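Enquirer: Using only what follows, build the 3D model:
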Amino acid sequence: MTLRPLLILSVCAFAALAACDGDKSVRISSSRVDDNDARGVLKVVEALQCPQTMGSLTRKGSASAGGTICTYVGAKGTQVSLHLTPLDGATPAEVLRAFEQQLSGDLPRAVEQLRASEAAAAPGAATAEVPTDSAAGTAGSTTARDRASVRAPGVAIEADGEDATVRLPGVRIETRGDKASVRIGGFHIDANDSDGSARITTSDGDGDNVSINARNDSAEIRASAAGAATRSSWILTDNRPSETGWRLVGYEARGPVGGPLVVATVRSRDNNRGRAFQDAKDLIALNVGE
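Expert: Okay, the predicted model is just below:
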């Protein structure tokens with residue numbers, strides 16, 4: 001199936017849902033938590049709290065390096081390490097980049113595949129032209145067998161063969177052959193059917209951000225919360241196991257302004273992050289707060 005019919009169908013369904021009301025209404029919402037709701041002030045940690053168990057995880061030995069590292073194991077050989085990491089003049093982004101580089105070494109094929117996708121999507125790479133609206137179209141008119149133009153207040157649909165542009169209030173969809181672009185408020189999708197890649201970003205007015213970069217067997221997910229404190233997560237997955245059997249690596253990190261950061265790194269042989277990441281988050285919450 002080509003991208004155009006699928007995306008036009010999706011946006012029409014989205015428009016139909018938006019028109020519902022009463023008990024039959026459907027609402028699409030994010031899992032963002034407001035600072036004034038469950039988020040509190042993150043604590044300055046001097047030594048890690050490392051319980052013997054946390055959910056599916058069991059601690060190996062005692063805390064090491066002066067109470068700054070704890071190691072846990074879980075189902076199917078999952079490994080979770082809890083780190084208390086000072087900033088020492090570095091930015092939180094610089095500290096987390098070091099964790100990311102270390103973990104990425106466990107999934108080299110995923111990194112190679114995703115970086116190739118990023119290079120293809122970088123400025124200067126070949127991109128599809130975006131047409132401007134044609135004033136000639138009228139509601140319901142068809143100018144050729146594979147060409148159609150539909151106009152109504154707030155709605156514009158232009159289709160020409162495998163290319164299409166759909167505009168609704170707050171929604172924009174474009175397809176060019178095997179490439180597609182979707183914009184719904186702060187939610188963006190760019191997909192390329194020819195190389196199996198998709199890039200998704202979403203953000204809200206408060207500064208929370210999520211991005212997904214996927215290509216064939218691999219995916220990379222980043223999330224960060226608004227505010228001066230650090231609340232970040234990063235996940236790299238590969239459907240193909242590495243030489244050591246890993247299919248998923250990542251981290252969850254939190255820390256107050258100025259640090260230190262409490263970082264939980266996760267390595268799993270199951271590409272469904274499942275319980276291990278939730279248990280890692282619980283370890284962080286125990287130490288530094290929500």
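Enquirer: Not counting the one helix or strand Arg109 maps to itself, show me its contacts.
Expert: Assigned by DSSP states H and E, Arg109 belongs to helix 108-121. With contacts defined as C-beta atoms under 8 Å, 6 or more residues apart in numbering, helix 108-121 is touched by 104, 125, 190, 192, 195, 197, 199, 213-220, 236-238, 240, 242. No exception for glycine: its C-beta is placed from N, CA and C like everyone else's.
Enquirer: now this protein, which segments are flagged as low pLDDT?
Expert: The model of the chain has pLDDT under 70 over residues 1-39, 120-146, 150-155, 168-171, 184-185, 187, 205, 271-274.
Enquirer: Distance from the chain centre to stretch 172-184, please.
Expert: In this view, stretch 172-184 has its centroid 19 Å away from the chain centroid, taken as C-alpha atoms, centre = their mean, to the nearest Å.
Enquirer: Tell me the bridge partners for Ala148.
Expert: Here Ala148 sits in beta bridges with Ala159, going by DSSP bridges.
Enquirer: Go through the helix holding Arg109 and flag the buried ones.
Expert: 110-111, 113-114, 117 (16 or more other C-beta atoms under 10 Å).
Enquirer: Stretch 40-53 now?
Expert: For stretch 40-53, the neighbour count (16+ other C-beta under 10 Å) marks 42, 45, 48, 50 as buried.
Enquirer: end to end, how far does it reach?
Expert: Terminal residues of stretch 40-53 lie 25 Å apart, using C-alpha to C-alpha, to the nearest Å.
Enquirer: which residues sit against it?
Expert: 58-59, 62-63, 66-70, 82, 84, 229-230, 254-256, 260, 262, 283, 286-290.
Enquirer: out of those, which are inside strands?
Expert: Per DSSP state E, strands hold the following members of those: 58-59, 69-70, 82, 84, 230, 254-255, 262.
Enquirer: Just the buried ones among those, please.
Expert: Here, 16+ other C-beta under 10 Å leaves 59, 70, 82, 84, 230, 254-255, 262 buried among the ones in strands among the contacts of stretch 40-53.
Enquirer: Report the separation between the residue lying closest to Val80 once chain neighbours are set aside and Asp163.
Expert: Nearest residue to Val80 in three dimensions, chain neighbours excluded: Tyr72, at 4.3 Å (C-beta to C-beta, 6 or more residues apart in numbering). Between Tyr72 and Asp163 the distance, using C-beta to C-beta, to the nearest Å, works out to 52 Å.
Enquirer: quick one on the thing from earlier: okay, among the ones in strands among the contacts of stretch 40-53, which ones form the most distant pair?
Expert: Distances among those were taken as C-beta to C-beta; the most separated pair is Thr58 and Thr230, at 27.3 Å.
Enquirer: surely Ser194 meets Asp178?
Expert: Yes - using C-beta atoms under 8 Å, Ser194 makes contact with Asp178 at a distance of 4.5 Å.
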